[in-house]
Structure formats: structure tokens, C-alpha cells
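J.: Model the structure of this input:
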Amino acid sequence: MTAPRRLHIHQKISPMQNVYRVFADDAGQPGAQLGVVKQKRMALREQFTVYGDEAATQPVMTIKADRRLDLTSAMTVTDAATGQPLGQLRKQALSSLLRSTWEMDQPGMPTIVVRERSTAVALLRRFGGDLPIPWVFHFDGLVGDQKVLTHSRLWGIRDRYVMELLAPQIDWRVAIALAIVLDAMQGR
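T.: Numbers count the residues shown, from 1 in each chain. Modelled structure (predicted):
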């Protein structure tokens, strides 16, 4: 399979779990499904498994917090077949007070700093978070001053996102993990 450069992420919320579906882009629309993630609510240690099928029988990768109940712990992304680490995601607690900020590492690439684009939207989201407003927000991933990825929430009631990988060396599996974590950990 050719590595996708644009991803669509759709979330469905249910009482016991959140379900994320990830699709490759097909002319600006969701195309072939790449993965399904089911996030259990109220877990002591965040852990997600990305499956290649709806029946959740073909694990592709895992995303696992290194520590329990530590909102700034690293999330390690591991290939399900080989057990090899693919990358790591870390929330930057101090920087995230103003705008949510993460670091994304993968072998052979410099650290990508992923930050909410708009300080105003970040503050409105934080202080108006209890309002039933489907906030539209964007993240940019930077290596130095070079933008290497974007992640945008689309307008609408349901959570839908588009992630664009602007640097060909970004592993699309780590990008999927980032997209899931940006939504799942956003309110923390």
C-alpha cells in the first residue's frame, strides 16, 4: 500500500467507548478505511489498539501511555506485528496551558512540535468548554519553522478531522496515533 498523505478521522461517541475510524483520502473525501480504534472510558492507563478491520481481529499498532494517570506521560506507538516502536507522543504540560502542544518523535526524524494554531480559539475552548459548541480548531506540526503536518477539526456536530502529512518521511501510522491522541486527550 502507498503511504497515505491525507487522512480522515471520524469519531463516534457511545456510553462505554469512543470509536474512531480512519480513512485514506480519495479526492478530498474519506476513501479506503485504514483503521478502527475503540477507546474504553475510565481507564487508569490510556491504551488504544488500532485495528485494520471492523471486527477488531487484525491489530495494526498500539498506542500506550508509559505511566498511569499522568497527563503528561509519553504515549508510545508500537507496531502490533513486530513489537517495534514506531514513535512517541508527549504532551507539553507548560506550553499546553495556553495552547495544546505535543511533541511527536519517530526514528530518523527530528522532533515535530504539534501546537494549536489559534491562541484565541484555544482560550475560548478552555473557558467555554461546557457550552455545546462544536469548536473548530487546527493544529500545525513544525520542525523549526517548517510546517510538516496539519490537523483540522471540521465544522459539524460529530467529531471529524482531516490530517495532512506535508513531509513524506512522516510515518502515517504515527500520524494516525497523533490524530487519535489529539482528540482523546484534548480535554485533559
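J.: Counting neighbours, what do you get for Glu116?
T.: Using other Cβ atoms under 10 Å, Glu116 is surrounded by 23 other residues. Where you see a C-beta, it was placed from the backbone N, CA and C, and this is true even at glycine.
J.: How many neighbouring residues does Arg158 have?
T.: Close neighbours of Arg158, defined as other Cβ under 10 Å, add up to 10.
J.: swap in Trp155?
T.: As a burial measure, Trp155 scores 9 neighbours (other Cβ under 10 Å).
J.: likewise the one 5 residues further on?
T.: The burial count assigned to Arg160 is 16, neighbours taken as other Cβ under 10 Å.
J.: contacting residues for the residue lying closest to it once chain neighbours are set aside?
T.: Excluding the flanking residues, the one nearest Arg160 by Cβ to Cβ, 6 or more residues apart in numbering is Leu154, at 4.5 Å. Residues near Leu154 by Cβ atoms under 8 Å, 6 or more residues apart in numbering: 136, 160-162.
J.: Now tabulate those residues in CSV and tack on pLDDT.
T.: Output for these, formatted as CSV (pLDDT from 0 to 100):
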residue, pLDDT
Val136, 74
Arg160, 90
Tyr161, 93
Val162, 96
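J.: Please, where are all the strands along the protein?
T.: With DSSP state E, the ranges of strands along the chain come out as 6-13, 17-26, 29-40, 47-51, 59-65, 74-79, 85-91, 101-105, 112-116, 138-143, 146-153, 160-165.
J.: for the ones you listed, which one ends up most surrounded?
T.: Mean neighbour count (mean count of other Cβ atoms under 10 Å) peaks for strand 112-116 among the strands of the chain, with a mean of 22.
J.: Just the mean pLDDT for that strand, thanks.
T.: Average pLDDT, strand 112-116: 95.
J.: Measure how far it is from the centre of its chain, please.
T.: 12 Å (Cα atoms, centre = their mean, to the nearest Å).
J.: And for it, what's in contact with it?
T.: For strand 112-116, contacts defined as Cβ under 8 Å, 6+ apart pick out 95, 99-105, 122, 137-143, 148-149, 151, 170, 178, 182.
J.: Likewise for stretch 15-28?
T.: For stretch 15-28, the surrounding residues in contact (Cβ under 8 Å, 6+ apart) are 4-12, 30-41, 50, 162, 176, 179-180, 183-184.
J.: what's the distance between Lys91 and Ala74?
T.: Distance check for Lys91 against Ala74: by Cβ to Cβ, to the nearest Å, it reads 9 Å.
J.: likewise Leu7?
T.: Leu7 sits 22 Å away from Ala74, taking Cβ to Cβ as the criterion.
J.: okay, the angle between the lowest-mean-pLDDT helix or strand in the chain and strand 112-116?
T.: In the chain, the helix or strand scored least confidently by mean pLDDT, DSSP states H and E is helix 119-127, which has a mean of 72. Orientation of helix 119-127 against strand 112-116 (axes from the mean of the first three to the mean of the last three Cα atoms, to 10 degrees) gives an angle of 70 degrees.
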